[in-house]
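Q: just to be clear, the model below is a prediction. Sequence and coordinates:
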Amino acid sequence: MRNGTLAPAVRRPRPHVTSWPASPRRVVPAAVLPTAPAPSRIKVLHVITRLQAGAGGNTLLCATGMDPGRYDVWIAGAPGGELWAAARDAGLHTVELPGLKHTLGPADALVLWHLVRLVRRERFTVVHTHSAKGGFLGRVAARVCRTPVVVHTFHGLSFHPYQSRTRRVLYRWLERSTRRLAHHYLAVAPRVAQEAVSERLAPPGRVRVVPSAVDLGHIPAQFDPPARRVLGVPRATALVGTVGRIDAQKAPLDFVRMAAALRADHPGTAFVMVGDGPLAAEVRRLAADLGVEVILTGHRPDASWLVSGLDIYVGTSLYEGLGRALTEALACARPAVATAVNGVPDLVEHGATGLLTAPADPEGAARAVGWLLDHPAAAAEMGRRGRARVRAAFGPHAMCAAVDACYRDLLGLPLPPPGR
């Protein structure tokens, strides 16, 4: 204040924030220039318990979809599984860790030692872990070796109400004990991210949703008659099916019970299960006891194509991060009924992209399937909406771009130019 009047405000210069400048265009064609040195690549190690099923397929798509000019990608996990050959064929470095199994045991000390040796020898810039067991061992090895960037993906919670109390306590401890050992977390669905924070498996504000991708290039966009002929069911017969490993998680016996309940009102319906697993013999016995015929195809490498031959897809899982087979079914516009577990309601919106039922409720699933059979126009519209949702947001390009953005952010690197 000067002489009783307010002094004019001092205008301070505002800080000037700019992005990293774009590279200038070459003044000479690259063909006539001397050879430039190859740029250094960022070494990334994915650690996963088992390279199979939904989490394994998601990890493989993530690894193969990254820019090979920028990233040198490795995968380490338990021996066995149908995806190791595909990983090697794609040019990835693969390390099968002897002694690594799904559950904790004394051999894991040796597995951790092998992992520490690998990370220390190869000097990875990024260690990206998956699943509870692989996530625990991978994050501990990364901390021991002082890896600059550690990322963990939640493909679904590793503990659930259908496990024994001992296993639930063990897996919750595994996840919580390493929650501070990752710099950032990814989740395959919003509800999976919410559950991870609510269960204190990840710090608040450190989880980014990256939808689990499927390879849309191998999935028809609609019903495919050749797939139906391979399944051996006439087109005039309603075909209800499921795809996946026949194990406790997928609750295949509930699918058989659903089929038996549905036959009471829809006796002409046929049923098929694409896949194999430890409960296949029990499925056959229960189907015989209930007097319902269920076609079991066994393991099929073309399962993502065969799903396009179904009239209705049914998922009876007791727990599921998102559901790879379910995503593939929606991608080819198949009307779907699925259990409302974990991230599934983020994909199947009741009455819009499919119908939801409670887990362990085969009668409820039968009623939902019967409703779709009785309302074919509404079922077809749900299939079309499901296809639009999946094909807009669940392609490998979108997933890999999001993972690349996460790595770049943690490493302080600029984003690529638009359109690249």
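A: Structure received.
Q: distance check, the residue most central in space within the chain against residue 340.
A: Ranked by distance to the mean C-alpha position of the chain (C-alpha atoms, centre = their mean), the top residue is residue 212 at 3.7 Å. Distance of residue 212 to residue 340, given as C-beta to C-beta, to the nearest Å: 18 Å. C-beta coordinates here come from the backbone N, C-alpha and C atoms, glycine included.
Q: low-confidence ranges, the stretch 301-420 of the chain, go.
A: 417-420 (pLDDT under 70).
Q: sketch out the strands for it, chain order is fine.
A: 312-315, 336-339, 355-357 (DSSP state E, counting those that start in this stretch).
Q: and what of the chain?
A: Listed in chain order, the strands of the chain (DSSP state E) span 42-47, 71-77, 93-96, 126-130, 149-154, 184-187, 207-209, 239-243, 270-274, 294-296, 312-315, 336-339, 355-357.
Q: which stretch among those comes nearest residue 379?
A: Across those, residue 379 has its closest neighbour in strand 312-315 (7.1 Å, C-beta to C-beta).
Q: now the strands of the chain in JSON lines, with distance to residue 141 and mean neighbour count?
A: Putting those into JSON lines (distance: least, C-beta to C-beta, whole Å; neighbours: other C-beta atoms under 10 Å) gives the following:
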{"stretch": "strand 42-47", "distance to residue 141": "8", "mean neighbour count": "24"}
{"stretch": "strand 71-77", "distance to residue 141": "9", "mean neighbour count": "23"}
{"stretch": "strand 93-96", "distance to residue 141": "12", "mean neighbour count": "15"}
{"stretch": "strand 126-130", "distance to residue 141": "7", "mean neighbour count": "28"}
{"stretch": "strand 149-154", "distance to residue 141": "10", "mean neighbour count": "25"}
{"stretch": "strand 184-187", "distance to residue 141": "18", "mean neighbour count": "24"}
{"stretch": "strand 207-209", "distance to residue 141": "22", "mean neighbour count": "18"}
{"stretch": "strand 239-243", "distance to residue 141": "34", "mean neighbour count": "25"}
{"stretch": "strand 270-274", "distance to residue 141": "37", "mean neighbour count": "22"}
{"stretch": "strand 294-296", "distance to residue 141": "40", "mean neighbour count": "18"}
{"stretch": "strand 312-315", "distance to residue 141": "35", "mean neighbour count": "28"}
{"stretch": "strand 336-339", "distance to residue 141": "35", "mean neighbour count": "29"}
{"stretch": "strand 355-357", "distance to residue 141": "39", "mean neighbour count": "23"}
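Q: export those to a markdown table and append columns for distance to residue 177.
A: What follows is the strands of the chain, written out as a markdown table (distance: least, C-beta to C-beta, whole Å):
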| stretch | distance to residue 177 |
| --- | --- |
| strand 42-47 | 16 |
| strand 71-77 | 21 |
| strand 93-96 | 24 |
| strand 126-130 | 13 |
| strand 149-154 | 13 |
| strand 184-187 | 15 |
| strand 207-209 | 18 |
| strand 239-243 | 35 |
| strand 270-274 | 38 |
| strand 294-296 | 41 |
| strand 312-315 | 32 |
| strand 336-339 | 30 |
| strand 355-357 | 34 |
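Q: and residue 218, which of these is closest to it?
A: For the strands of the chain, distance to residue 218 was read as C-beta to C-beta. The smallest value, 13.7 Å, belongs to strand 239-243.
Q: roughly how far apart are residue 205 and residue 193?
A: Here the distance between residue 205 and residue 193 works out to 11 Å (C-beta to C-beta).
Q: which one of these two is surrounded by more residues?
A: Here residue 205 and residue 193 are set side by side on neighbour count (other C-beta atoms under 10 Å), and the busier one is residue 193, at 22 against 7.
Q: closest one to residue 403 among the strands of the chain?
A: Once C-beta to C-beta is applied to the strands of the chain, the stretch that comes out nearest is strand 184-187, at 7.2 Å.
Q: who's residue 274 bridged to?
A: For residue 274, the beta-bridge partners are residue 243 (DSSP bridges).
Q: number of nearby residues for the residue nearest to residue 227 when sequence neighbours are not counted?
A: Sequence neighbours aside, residue 309 is the residue nearest to residue 227 in space, at 3.3 Å (criterion: C-beta to C-beta, 6 or more residues apart in numbering). Here the count is done by other C-beta under 10 Å, and residue 309 has 25 residues near it.
Q: hang on, the earlier thing: wait, the residue nearest to the centre of the chain touches residue 186, no?
A: No: under the contact definition of C-beta atoms under 8 Å, residue 212 does not touch residue 186, with a separation of 9.9 Å.
Q: first-to-last residue distance for stretch 223-236?
A: The distance separating the two terminal residues of stretch 223-236, taken as C-alpha to C-alpha, to the nearest Å, comes to 14 Å.
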